[in-house]
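In: Have a look; sequence and predicted model below, questions after that.
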Amino acid sequence: MYVIPPSKTTKKELKNMFQKVLHNFEKEEFKLVNVSLLWMPYYTVECFYQDEYGFTEQSETTMNVMLYSDALEGKDIIFLFRPNFLQYRPKKREEIYLNNVLGEYREVKGPTAKVDFRKISRKVTEIMENVRDKLTDLRSKVKFEYEPSIVRLFTGSKHAFERLSSKFMREGLRDMEKEVAYLSSMELLTKIFLNLRSLPQDLEMHKTQEFYFPYLTMYLERKEKEPYEKFYFISLVKVGRLLKKFREDVLLTRITEKYNELNQLMKSLVIY
């Protein structure tokens, strides 16, 4: 199998990383059960789509195909993509040497889920159409309900001032601001994760390559209070412009917490 080589590390560096993770969960009384070196499968994916002007565009990204499930919502599917992985060059596993630090951990090869790119393309397109429609509706609502009062306010209308300063109006504006911020962030994140220039129409995806990315996977458990478990994923490829270091992948943790099917998959892989 082809893998992305892990960055070099030391026992001290890993120990500091573990202490940081455990400190964050200390108040919640989580305990570390085990640690594994998980090779997680990814596909390099080509995206073909039409932009808002009807021109055909092409982009490339990578997608986690171990934690994919038909049960995933469209927004969670988007968070499986990692365009930044395109910068790494896969090598054959037998050509990669793990030093005595990483070599201490049990290696696990993650399974590849059956991926239906037509279904994924449809889900992503649907969520983007929904975002576009809601943003259009909100902008129309602001223009219809709030702009006239703002204009009248500056022309000296007492009624306009009372209406804009009312609790109902203030709460309405705050709610719309929050929704616009959320929808705008989803719009931006979709373009970032799928490596798109604009929001897609008639999106098509195709697999071009498979490779495995290394994660140090920490399984934490809490038996007192409410029984609960958590998986923590640390990317073993350092990132950063000036000071390169390992970082946790919080999106993968969130997905395995949200979907029991994926939580059970992780338990079957790393608990032994």
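Out: Looks like it came in fine. Residues are numbered from 1 along each chain as shown.
In: Correct me if wrong, but L269 is in a helix.
Out: Yes: the assignment for L269 is a helix, going by DSSP: H, G, I helix; E, B strand; the rest coil.
In: what about the helix or strand where P41 lies, average pLDDT?
Out: Here P41, judged by DSSP states H and E, is contained in strand 31-50. The predicted model gives strand 31-50 an average pLDDT of 94.
In: Give the buried residues for that strand.
Out: Buried residues in strand 31-50, counted by 16 or more other CB atoms under 10 Å: 35-47, 49. Where you see a C-beta, it was placed from the backbone N, CA and C, and this is true even at glycine.
In: Same check on stretch 7-22?
Out: Residues S7, T9, L14, M17, F18, V21 are the ones in stretch 7-22 that count as buried (16+ other CB under 10 Å).
In: Same question for stretch 255-272.
Out: I255, T256, Y259, L262, N263, L265, M266, L269, V270.
In: Check those residues and tell me the two furthest apart.
Out: Largest separation among the buried residues of stretch 255-272 by CB to CB: Y259 and V270, giving 16.5 Å.
In: got a list of contacts for stretch 14-22?
Out: Contacts to stretch 14-22, defined as CB atoms under 8 Å, 6 or more residues apart in numbering, come from residues F30, L32, V35, V101, L216, M218, L220, Y232, I234, F246, E248.
In: Mind putting those residues into CSV with distance to P111 and secondary structure?
Out: Shown next, in CSV, are the contacts of stretch 14-22 (distance: CB to CB, whole Å; DSSP: H, G, I helix; E, B strand; the rest coil):
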residue, distance to P111, secondary structure
F30, 26, coil
L32, 24, strand
V35, 20, strand
V101, 26, coil
L216, 19, strand
M218, 20, strand
L220, 22, strand
Y232, 20, strand
I234, 20, strand
F246, 24, strand
E248, 22, strand
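In: Now that we have those residues, which of them are buried?
Out: Buried residues within the contacts of stretch 14-22, defined by neighbour count using 16+ other CB under 10 Å: F30, V35, L216, M218, L220, Y232, I234, F246, E248.
In: which one among those residues gets closest to M205?
Out: When the buried ones among the contacts of stretch 14-22 are compared against M205 (criterion: CB to CB), the nearest one is E248, at 27.3 Å.
In: Does the closest one touch S235 like I think?
Out: Yes: E248 lies in contact with S235 (CB atoms under 8 Å); the separation is 7.4 Å.
In: Could you tell me how many residues sit around E204?
Out: Neighbour count of E204, defined by other CB atoms under 10 Å: 15.
In: secondary structure class for it?
Out: strand.
In: Just give the closest residue to it, not the sequence neighbours.
Out: F48 (4.6 Å; CB to CB, 6 or more residues apart in numbering).
In: OK, contacts around F231?
Out: Counted by CB under 8 Å, 6+ apart, F231 has contacts T217, M218, Y219, L220, L252, T253, T256, E257, N263, M266, V270.
In: Which ones among these lie within strands?
Out: T217, M218, Y219, L220 (DSSP state E).
In: Retrieve the pLDDT associated with L67.
Out: Turning to L67, the model gives it a pLDDT of 97.
In: from the buried residues of stretch 7-22, which is closest to S59?
Out: Using CB to CB, the buried residues of stretch 7-22 come closest to S59 at S7, 26.9 Å.
In: if we can go back for a sec, would you turn the buried residues of stretch 255-272 into a markdown table with pLDDT and distance to D70?
Out: Shown next, in a markdown table, are these (pLDDT from 0 to 100; distance: CB to CB, whole Å):
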| residue | pLDDT | distance to D70 |
| --- | --- | --- |
| I255 | 95 | 14 |
| T256 | 95 | 16 |
| Y259 | 95 | 11 |
| L262 | 95 | 12 |
| N263 | 93 | 16 |
| L265 | 96 | 14 |
| M266 | 95 | 18 |
| L269 | 93 | 20 |
| V270 | 87 | 23 |
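In: Among the residues you listed, which ones are in helices?
Out: I255, T256, L262, N263, L265, M266, L269, V270 (DSSP state H).
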